[in-house]
Each structure stands twice: as structure tokens, then as C-alpha cells.
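Novice: just the structure for this:
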Amino acid sequence: MGRTMNRMIAGALKLGPLPAVIAGQAALLAWLGVVLDRDVWPADNPVVLVPFITVVFGWPVLVLFAAEPGSFKRTAAFAGVCAVVAGLLGTYVGWQATPGGKFSVGNLYSIYVATQLGAGFIALAFMQQITARAPFRYAALFKSAWRNLFVAGLSLALVGGVAILLALWAALFAILGIDALGETFTEPWFVLPAAGIVFGVGTMLFRRRDRLIDGIVGLVESLGRYLLPVVLLIVAVFLVTLPFVSVGALWDTGLGSRILIALGAIAMLLIGIAYRPEADLRYPGSVQLAVTAVVVVLPILPALAMTGILIRVNQYGWTVSRCWAFVFAGILALFSLGYLWGVIRHLAEWPRVTAAVNASMACLVLAVLLLQNTPVLDFRAISARSQLARVESGQIEPEQFDFQYALRELARPGHVAAEQLVAELAYDPRQQMAVTEYVAEDGMQGQPARGFIMRDSDADPPDRDFWAELSYRGEPFAVPDGVREAIEEDSWLLSRTEHPTILRVELDGDPASGEYLLLGMSKSEFPGWRELPPHVSYHLDAYAIVHVGDGWYVEPLRTGENLEPFKEAEQVLELLRDPPLAVMRPQYNHVRIGGNVYGIPPGDWSSGALDEDTP
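Specialist: Residues are numbered from 1 along each chain as shown. Prediction:
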């Protein structure tokens, strides 16, 4: 074991300037950690920060994976070109994050990182052949891609292992009352360079372990070869069953296109693994014929997926997820058509074309991943224009424009579209809405429970005479001035409560201290969204008016039960005319913990009524 480790270290040391690359990256990452920790420039300037982070991570990683003895300068030059391209893309993405604080950038950055990792993975495999000055061969490209993937995975596992050891180390010192170590291990100026160093060292070491990597690759390829017939059998059963059932059931789930894309992607991946270069390209007789038969009909999967996506687009417009789904389905369609072309030309020997098809599609995928972070194929801008066009064409009302989706998912284009809509309408629809979250993804019904537009009815004008409208229940009584003042201070109650009704009640069980109960009706209008039709609902609102200390206070009462709203106003008015009131004593008292009071909300567990009669 010791000799093996010594050989690994000696092999790593032969790589010359690579340790210096790791050290330089660590120094830049430490400075970046300080910048982020102190929130100083360029931490507040994403146009500079994003390309800087891209280059600091990208260039060293490409060099560490591709450099070979004697080719460092050539590798560094090609990696530099790739880093410059990635940095320019980062500049555009950083600009998409401005102006800061106006919208969410989490999804913007997550998509950018994912696309850059995917593009880097593909570009690295090509770059390794270019820097080695070897003739282009798909077999070498295939091998390099798998080796890079597992070297990166093992290096990340090493980073995770070191992180666990550091956490244990900090925990041991914390037991001794020394917390400084644990605080240091969580500082950005320590975490970033430490992770960079461990990952770089892991890359240098694991690249030398040919047998280990080849063994893992061989195991995965064997699994893929056994799984391919199973997956294709699932595809075949699905396609045979499809004519006998309604395709609409597939779209009604809201996940039909995603499932089809996932199934097609798994099938294409396993085909690439099972028919790897320089291997036996055929299964035994009947199995190979069955596989060939299913390959012929594989284009149906992406075709169905694209059909489902276009149906959704026609109904609800483009969103970022629909753009990605459509592109993925298109790529899968080209893959499957390439294999179909192989079957047409070579029948059961169709795997001969996998090398040409896979290499060509890798270039196409690389182009898509890069262009997505440019104005040429910016899915956020496409989605923003599509959603705005739906308003301008009259397909939806301005209030139905999903402002939250635009600001959460579309970054700068969504912000610009929202501001443009407000400017063109000369008012802000958001001010008319009690906004929560409309779900703008693939027709999935969210919870628009409070996504209603609250409107004042004709009987509820701003200058209403609330006390003239007030009805009394029970024996006639005069409302104390303190109660009137407490009600008049609640602007929400005054503006929203229709048909106000007041009663005298004993809420604390003390007849000497009378409390009041104010009831009323409120109305919510839902303008319609996606599959949900417009509708109006009515609610019975209740407020307790209690005397505490030297004043009266109004407190809204809430039910612990999830009650459905009333569909007709008359249902609420009937309750207001003769409220079937019962004052209930809670079975479980509240508890006070510090300054907070906790209690079980009312529900079926409450005990019997104290007074079954209306006061």
C-alpha cells in the first residue's frame, strides 16, 4: 500500500507546474473568500464577480485534467481560450443579475453553473485530444469523457472526506471549549481555497490510477449493457399500450413530457454505453433484433414530448422549463433519428453509426449549452417576451401576469417585462392583488388560495357610513365610545367588511366584563388562472372586541378548521341575520413561554358550550 502511494505521489510530482497552478488558484480563492465575507467590491458587482469566479475555477480545472508531461504550455493556452469564452458568458449572466435586489438570482446562477459544468465536460474531452496532437477518434473521446467524470467524482468525494475530518476536528476542540477552530473552518476565506487545494490534489492523484478508473468504467459499462434491453422493453410496452388509452391522460398529469424525455434520455445513454467503441457491438441474435426493433420506434418518445410541450405553450406561453424541455426533446429526437438512419442503412448492424451520431450530437449539445448564456438563446428573455405577449394580445388580463414567476425565475428580462407592463398600463396590477404564488410551470395547479383580487363592492365605497350599516343582534344596546374608537382604527375591517353585525358576548366567563363580537362578510374575486376558472367566494369574518387594561382592542378570530368559503352571498347573510352562536370553553389552556403564548387552535376537541343561546 505504501509503495502504491509513493508511486502516486511520484507520478504527481512529474507533472511539473501543476502544483503551482493549485497554489495560484488557492490564493485567488482565498482573496475571493475575503471579498465575499466582507461584502466589498466586486462582491456587489455581478458583472465582474461572475466572470472572475468562472475563470478562477475554470482555467485551473481544465489544466489539471488535460495537462500531460511536455504539453503544459499547449494545454494552458487552450484552457486559456476556453476560460476567456466562459468568462464572456459569465459577464452576460452577471449583467442579467442587475439591478441588484430587484429580483431573485438563485435560478439564474444555478442554471449558469449547470450549463458551464456540462459545456466544460464536453469541451474537456475534445481538448484532451487536441493538446495530445492525436488524430480524432471517437474511442479516445469516449474513454476520456468517462475517465474525466470518475476522476472528478472521486476528487469531490475526497473533498467531502476532508470536510468531515475537519468537522470532527472542530467538534473535538469545541468539547474543550475552543470554538475558534470551528469558526475558522466555516469562513469563506478558508473553505474556498481548502476545497480548491483538496480537489486539485485529488485530480493529480486519481489521474494516475488507471486501473482504478478503468475498473469503475468497466463496471458501469457492464451494468449499462444489461440494463439497455430492460429499458427498451419498458419503452416497447408503453408504445404498444398507447393506442389503446387516451393520450390526454398523459398530459393531464402535468409531467407527461418530462417522463417521456427522461425515459428517452436513459435509453440514449444506455445505447451509448452498451455499444461503446472497440467492443462487441451486438447482443446475441434475437436480443439484437428486438433491440433494433425498439430503436426504430424511439423517435416517437421525443415527438410525443414535443407535442405535449407545444400544447402547453399554446395554452400558457413559454417558460424557462418549457424551453429547456423542448430543447432536450429536440436533441433526443436527433439522436433517435440518427440511430434510425443507421438501421435503414445497416439493419441489425446499425451500431456502426453510433460513433458518428454521438460525436456530432456532443458538438450540438456543447453549442446549446454555450448559447443559452448569450442573447442568442436566452430562455429567460424568450419566456419574458412570451408572457408579456399574452397580456398584449388580450389572452390574459394584466392582473393574471405572473409577476412572482417573472421576478423569481426570469432575472433581468422578467424585471424589465414587469416594469414595461406597469408603464404601459399606467398602474401596477400588483397593488390590486393579495399576492401569494401562482405556479407558472407546466400547468401544475398550485395553491392559489389567496391569489384573489380583493375588490370593494358597490355597497362598500371608500366614504361609507359604517355605523349606519351596522346591525345589532340580541337586546338593543349602546356601543361604548372606546369600542367605536377601536373599530375605527382598524382600516382593513372598515374597508372590507360588508353587512357588519355586532353582538354582546361573554368570552372570559365574567358577566361583569362584557365583550363584543363583530361579524361581517368579505368577498374574494379570482380572475382565473391556467385551468382554474374565474369565480367569486364569500367569507364570514369574526372579530372579538375585548377590554384590556385601560382600552378596547379588536382581534380577528381564526378557525382551526380548514373551512371552504361560501359560494353564495346569501349563505353568509343568513348566518348574519340569526347567528347560531355558541361560546366554547377550550379543553386545553394556553401556555406562556417567555414572552410568547402558545395554544391549540379551536377545533373538534373543544368541550361543550357554555351558552347555547344568542345574547
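
Novice: now do the strands in the protein.
Specialist: 471-472, 498-505, 515-526, 535-548, 551-556, 583-584, 591-593, 596-598, 609-611 (DSSP state E).

Novice: alpha carbons only: can I get the second one in PDB?
Specialist: Taking C-alpha atoms only, strand 498-505 is exported to PDB below (Å, rounded to 0.1, in the frame of the first residue of the first chain):
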ATOM      1  CA  GLU A 498     -69.800  44.100   4.400                       C
ATOM      2  CA  HIS A 499     -73.000  43.800   6.300                       C
ATOM      3  CA  PRO A 500     -71.300  44.400   9.700                       C
ATOM      4  CA  THR A 501     -73.200  42.900  12.700                       C
ATOM      5  CA  ILE A 502     -72.300  43.300  16.400                       C
ATOM      6  CA  LEU A 503     -73.300  41.200  19.400                       C
ATOM      7  CA  ARG A 504     -72.600  41.300  23.100                       C
ATOM      8  CA  VAL A 505     -70.900  38.100  24.400                       C
END
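
Novice: okay, now the sheet partners of it, with direction.
Specialist: Each strand paired with strand 498-505, and its direction, by DSSP bridges: strand 471-472 (parallel), strand 515-526 (antiparallel).

Novice: what would the ones you listed look like in a markdown table with mean neighbour count and distance to L228?
Specialist: Heads up, the C-betas are built off the backbone N, CA and C, glycines and all. Listed next are the strands paired with strand 498-505 as a markdown table, based on neighbours: other CB atoms under 10 Å; distance: least, CB to CB, whole Å:
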| stretch | mean neighbour count | distance to L228 |
| --- | --- | --- |
| strand 471-472 | 13 | 75 |
| strand 515-526 | 20 | 49 |
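
Novice: which among these is found nearest to F326?
Specialist: With CB to CB, the closest approach to F326 among the strands paired with strand 498-505 belongs to strand 515-526: 30.2 Å.

Novice: show me what contacts the closest residue to L227 other than its chain neighbours?
Specialist: For L227, the nearest residue in space outside its immediate sequence neighbours is L270; the separation is 5.6 Å by CB to CB, 6 or more residues apart in numbering. Applying CB atoms under 8 Å, 6 or more residues apart in numbering, we find L270 in contact with G224, L227, L228, V231.

Novice: now P42, nearest residue through space, not along the chain?
Specialist: Using CB to CB, 6+ apart, the nearest residue to P42 is V48, at 3.9 Å.

Novice: surely the one you found touches T54?
Specialist: No - counting by CB atoms under 8 Å, T54 is not a contact partner of V48; they are 11.2 Å apart.

Novice: of those two, who's got more company?
Specialist: A direct count of neighbours by other CB atoms under 10 Å for V48 and T54 places T54 higher, at 24 against 15.

Novice: distance of that one from G196?
Specialist: Separation of T54 from G196 (CB to CB, to the nearest Å) stands at 14 Å.

Novice: now do D378
Specialist: For D378, the distance to G196 equals 30 Å [CB to CB].

Novice: what of L165?
Specialist: Distance check for L165 against G196: by CB to CB, it reads 17 Å.

Novice: neighbour count winner among the two?
Specialist: Each of L165 and G196 has its neighbours counted (other CB under 10 Å); G196 has more, 25 against 10.

Novice: contacting residues for that one?
Specialist: For G196, the contact set (CB under 8 Å, 6+ apart) comprises I22, Q25, A26, L29, F57, P60.

Novice: out of those residues, list just those in helices.
Specialist: In this view, the contacts of G196 that belong to helices under DSSP state H are I22, Q25, A26, L29, F57, P60.

Novice: quick one: which of those residues is nearest Q129?
Specialist: Nearest member of the ones in helices among the contacts of G196 to Q129, counting by CB to CB, is P60, at 20.4 Å.

Novice: pretty sure the closest one sits against Q25.
Specialist: Yes - P60 is within contact range of Q25, at 4.2 Å (criterion: CB under 8 Å).

Novice: which neighbours do the two share?
Specialist: By CB under 8 Å, 6+ apart, P60 and Q25 have these common neighbours: G196, G200.

Novice: which one's more surrounded, those two?
Specialist: Shown here are P60 and Q25; by other CB under 10 Å, P60 has more neighbours (26 against 23).

Novice: could you measure from the more buried one over to F199?
Specialist: Here P60 is placed at a distance of 9 Å from F199 (CB to CB).
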